[in-house]
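J.: I'd like to go over a predicted model; first the sequence, then the structure.
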Amino acid sequence: MTQAMLVLEDGRVFYGETFGAEGETFGEVVFNTGMTGYQETLTDPSYHRQIVAMTAPHIGNTGVNDLDPESRRIHVAGYVVREPARVASNWRAQRSLDAELKAYGVVGIAMPGTRALTRHLRDRGAMRAAISSVETDPRALHARILASPQMAGADLAAEVATTEPYVVPARGETRFRVAAVDLGIKAMTPYRMAERGCEVTVLPATVTAEQILSLNPDGVFFSNGPGDPSTADRQVEALRGVLGSGTPFFGICFGNQIFGRALGLGTYKLRFGHRGVNQPVQDRRTGRIEISAHNHGFAVDAPLDGPFDTAFGRAEVSHVNLNDGCVEGLRLLDRPAFSVQYHPEAAAGPHDSTVLFDQFCALMQHARNLKEGV
Ligand SMILES: NC(=O)CC[C@H](N)C(=O)O
């Protein structure tokens, strides 16, 4: 085993052994608290340019398969685990996690200090970092970290999104046609719509409102994605055009942040964000609590004390996080549009929130009924 080190922007150094590829990598280091779902995490495009540290102490137990990935490749910039499983044991396992990380050239580190790292990030916040198995001087690596890009201000969606439109067919009869803007979309999202009878046309991140609306969709969706939502001006512009048309809208994660901005709200960076599969979110209308999957480092700044006015009529915060009180969902009260900051597609994660896909279908059905005068 080769020695490796993880160095943080504030100078803290951790030592361990290489896991996955050898080499050097830079990114924002964040922690993920999921006990399961490491393959979905690794392949979630929203982790582009992030070094992900797993708090679960044993990673790789079930190996890697070709069924669970959320995109075509591993997207994390680097991977931090406490102890890699020595044996991949599962009936679906096709390869080991170590081999998969090597195949994608993903530099990782196995180190005893993941708990200390998590406590450090919890107190000081997510920050830039590097993993290296080729550098021996932490100070030299630290200097390179200070020259690497920040996550705040990073415009990354177009780096991971499709450049060509493609169609995910409905399973069974086609009930609705959805235009989905890919900002780093996870594969399970169009799948959840397809299994409800939606034919989903996935569009590049730079698509305009005119291009979206020219498809005459029953509904429009904006996906999750990497980077700082304050940079997503083109997408905010496109969404304003969509909302103005009255076409039903649903957004997830980055899509929620863009929706917030389209309504005139601001976004801000959370200290350490939410990444895991057990975040409690409350639906403020029903009081019901959903345990949900999360991956966000930014949040929308919205009034929590009741409905507020926007250019598209009244809006309200529909969901809040019970851990830190941050905004987890928004809805318009006079138009068919809503979004959530968390991941109802549940890959990986509990299925408490998949009902939101049914609500999107219900909005599309309602809009169709109105159009047809039913
Ligand atoms: N999963 C996402 O869509 C993340 C959105 C945004 N990049 C954030 O970190 O908050």
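T.: Right, received. Where do you want to start? Residues are numbered from 1 along each chain as shown.
J.: Provide the strand pairings for the strand ranked longest in the chain, with the direction of each partner.
T.: Longest strand in the chain, counting residues (DSSP state E): strand 266-283. According to DSSP bridges, strand 266-283 has the following sheet partners: strand 289-301 (antiparallel), strand 313-321 (antiparallel).
J.: helices or strands next to the helix or strand following the longest one in the packing?
T.: Which is strand 289-301. As assigned by DSSP states H and E, the chain's next helix or strand after strand 289-301 is strand 308-310. Judged by 3 or more C-beta pairs under 8 Å, 6 or more residues apart in numbering; DSSP states H and E, strand 308-310 is in contact with strand 313-321. Heads up, the C-betas are built off the backbone N, CA and C, glycines and all.
J.: again, 6 Å this time
T.: On a contact count with 3 or more C-beta pairs under 6 Å, 6 or more residues apart in numbering; DSSP states H and E, strand 308-310 meets no helix or strand.
J.: residue ranges of the helices in the protein, please?
T.: Along the chain, the stretches classed as helices by DSSP state H are 38-42, 97-103, 114-124, 138-146, 157-160, 188-194, 209-213, 233-245, 254-262, 355-372.
J.: give me the residue from the stretch 101-250 of the chain nearest the ligand.
T.: Distances between the stretch 101-250 of the chain and the ligand by C-beta to the nearest ligand atom are smallest at residue 224, namely 3.1 Å.
J.: what's the pLDDT at that residue?
T.: In this model, residue 224 is scored at 98, pLDDT.
J.: OK, contacts around the residue nearest to it when sequence neighbours are not counted?
T.: In space, and not counting its chain neighbours, residue 224 is closest to residue 253: 3.6 Å by C-beta to C-beta, 6 or more residues apart in numbering. Residue 253 makes contact with 224, 296, 341, according to C-beta atoms under 6 Å, 6 or more residues apart in numbering.
J.: Counting neighbours, which of these comes out on top?
T.: residue 341 (32 neighbours; other C-beta atoms under 10 Å).
J.: Wait, that one touches residue 256, no?
T.: Yes: between residue 341 and residue 256 there is a contact at 4.6 Å, judged by C-beta atoms under 6 Å.
J.: okay, now residue 12: neighbour count?
T.: Neighbouring residues of residue 12 were enumerated by other C-beta under 10 Å; the total is 18.
J.: Show the pLDDT at the closest residue to it other than its chain neighbours.
T.: Distance criterion C-beta to C-beta, 6+ apart; nearest residue to residue 12, sequence neighbours excluded, is residue 120 at 6.2 Å. Turning to residue 120, the model gives it a pLDDT of 98.
J.: From residue 3, how far off is residue 120?
T.: Separation of residue 120 from residue 3 (C-beta to C-beta, to the nearest Å) stands at 21 Å.
J.: Please apply the same query to residue 293.
T.: Using C-beta to C-beta, residue 293 is found at 34 Å from residue 3.
J.: and the two? which has more neighbours close in?
T.: More crowded of residue 293 and residue 3, by other C-beta under 10 Å: residue 293, with 27 against 12.
J.: Mind listing the residues bridging to the more buried one?
T.: residue 343.
J.: What score does it have for pLDDT?
T.: Reported pLDDT for residue 293: 98.
J.: how about the closest residue to residue 268 other than its chain neighbours, what does it touch?
T.: Using C-beta to C-beta, 6+ apart and skipping residues adjacent in sequence, the residue nearest residue 268 is residue 301, 5.6 Å away. Residues near residue 301 by C-beta under 6 Å, 6+ apart: 265-266, 268.
J.: And the residue nearest to residue 224, its phi and psi?
T.: Taking degrees, to the nearest 10, you get phi 60, psi -100 for the backbone angles of residue 253.
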